[in-house]
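S.K.: For reference, the sequence and a predicted model appear below.
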Amino acid sequence: MGEVIVITSGKGGVGKTTTTANIGTGLAAMGYKVALLDTDIGLRNLDVVLGLENRIVYDIVDVTSGNCRLKQALIKDKRLEGLHLLPAAQTKDKTAVSPEQMCQLCEDLKSDFDFVIIDCPAGIEQGFRNAIAGADKAVVVTTPEVSAVRDADRIIGLLEAADLREPKLIINRIRPKMVRQGDMMGIEDIIDILAVDLLGVIPEDEMIVITTNRGEPVVTDQNTRAGQAYQNIVRRVAGDEVPMMNLDEETGFFKKLKKIIGLK
Amino acid sequence: MLDLLRRVFGRDSGSKQVAKERLRLVLVHDRSSISPQLLETLRTELIQVISNYMDIDENGLEVSLDSSGNTVALVANIPVTGMKRTGTAF
């Protein structure tokens, strides 16, 4: 019996879809059987982030309304054996699926897969309610901004009200240099305010843009900071104890200089 | 060391502190789920009740939710301009 994890945030644009794609890809690379579920009906995106946009035949609404069987709608990833995507419908709206149908869908997927990762739409309306309906666990993604943390707080409240207790937090797009300069909220600041457990931290990294352009999740490139950070998160989801990444590692000229003069 | 230097030269009051303080206040309101309308209703009802006993400056009346540490308090600042004569003189 697999585990259903919903990736949510409240605010849009903080990295839910990127996080879903990377966690799913990372777990599949470890050998797990993974199904990714895009529940952002009307604003389908997970397919593009995974580079699978050309393979879609059926979508989630086709499955819940009985137009096709679940197996027909699941798209196999082109690189990883165990990775599958159930895409969102693009021409319907969020009321095309009910929470009960979502629960059934999650139950069906759970029996076949080790992990079912759900990409939740932004907002707190029906799309959100659908996405969390069948979930066993929740992950909340935020960025170090007042608006994103505020929305994360609201979402945590709603998740707990829906009996999804102790959601885990991912802080995305943190800039260690700005945190050091006192111009960005740091990990401790955000954890203090939200009072939840930390699942991981992703530093701001241009490689996210580049890998997303290509449709290849950054977690496959372990030479990148964001790729390493996502890999750590993936291992924690799989149950490993992984220490938090040291974000204060300096790069470039000063690091070299310090090495030369023997400060490090 | 760098942090110490920064503190010495007064660079520690970055925008992070502003962000934290604003966030803290906004979450107090969000979590207590009291809307501005509700606070306004509370304000008008407070005025009605207190006016039965004393004269107050309605425009100077301030009602807000405040937090210190883990507790939230309803703070009302009500300027009193005069006391009413009460009928308890027997």
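M.R.: Looks like it came in fine. Please read all numbers here as calculations on a predicted model, not as lab measurements.

S.K.: Near chain B, which residues of chain A are found?
M.R.: With CB under 8 Å from any CB of the partner chain as the criterion, chain A meets chain B at residues A:145-146, A:149-150, A:153-154, A:157, A:179-186, A:189, A:193. For glycine as for every other residue, the C-beta is placed from the backbone atoms N, C-alpha and C.

S.K.: Now go through these and say which are in helices.
M.R.: Assignment to helices by DSSP state H places the following of these there: A:146, A:149, A:150, A:153, A:154, A:157, A:179, A:180, A:189, A:193.

S.K.: Out of those residues, the closest to residue A:135 would be?
M.R.: Closest to residue A:135 out of those is residue A:157 (16.0 Å), distances taken as CB to CB.

S.K.: With adjacent residues omitted, what lies nearest to that closest one?
M.R.: Distances taken as CB to CB, 6 or more residues apart in numbering or on different chains put residue B:31 closest to residue A:157, at 7.3 Å, once the chain neighbours are dropped.

S.K.: which element is the one you found on?
M.R.: helix B:15-32 (DSSP states H and E).

S.K.: So which elements touch that helix?
M.R.: helix A:146-161, helix A:187-194, strand B:62-68 (3 or more CB pairs under 8 Å, 6 or more residues apart in numbering or on different chains; DSSP states H and E).

S.K.: Where does pLDDT dip in chain A?
M.R.: A:249-264 (pLDDT under 70).

S.K.: For residue B:60, see how far away residue A:1 is.
M.R.: 64 Å (CB to CB, to the nearest Å).

S.K.: cool, residue A:115 as well?
M.R.: The spacing between residue A:115 and residue B:60, counted by CB to CB, is 59 Å.

S.K.: more crowded one of those two?
M.R.: Using other CB atoms under 10 Å in any protein chain shown as the criterion, residue A:115 and residue B:60 rank with residue A:115 on top: 22 against 11.

S.K.: Please name the residues that touch the more buried one.
M.R.: Residues in contact with residue A:115 (CB atoms under 8 Å, 6 or more residues apart in numbering or on different chains) are A:2, A:3, A:5, A:24, A:27, A:32, A:33, A:34, A:35, A:237.

S.K.: Neighbours of the residue in the stretch 1-150 of chain A positioned nearest to chain B, how many?
M.R.: Closest to chain B within the stretch 1-150 of chain A is residue A:146: 4.9 Å, counting by CB to the nearest CB. Neighbour count for residue A:146, taken as other CB under 10 Å: 17.

S.K.: do the same with residue A:66
M.R.: 7.

S.K.: My understanding was that residue A:214 contacts residue A:51; is that so?
M.R.: Yes. Using CB atoms under 8 Å, residue A:214 is in contact with residue A:51, at 7.0 Å.

S.K.: which residues do these two both contact?
M.R.: Listed as contacting both residue A:214 and residue A:51 by CB under 8 Å, 6+ apart is no residue at all.
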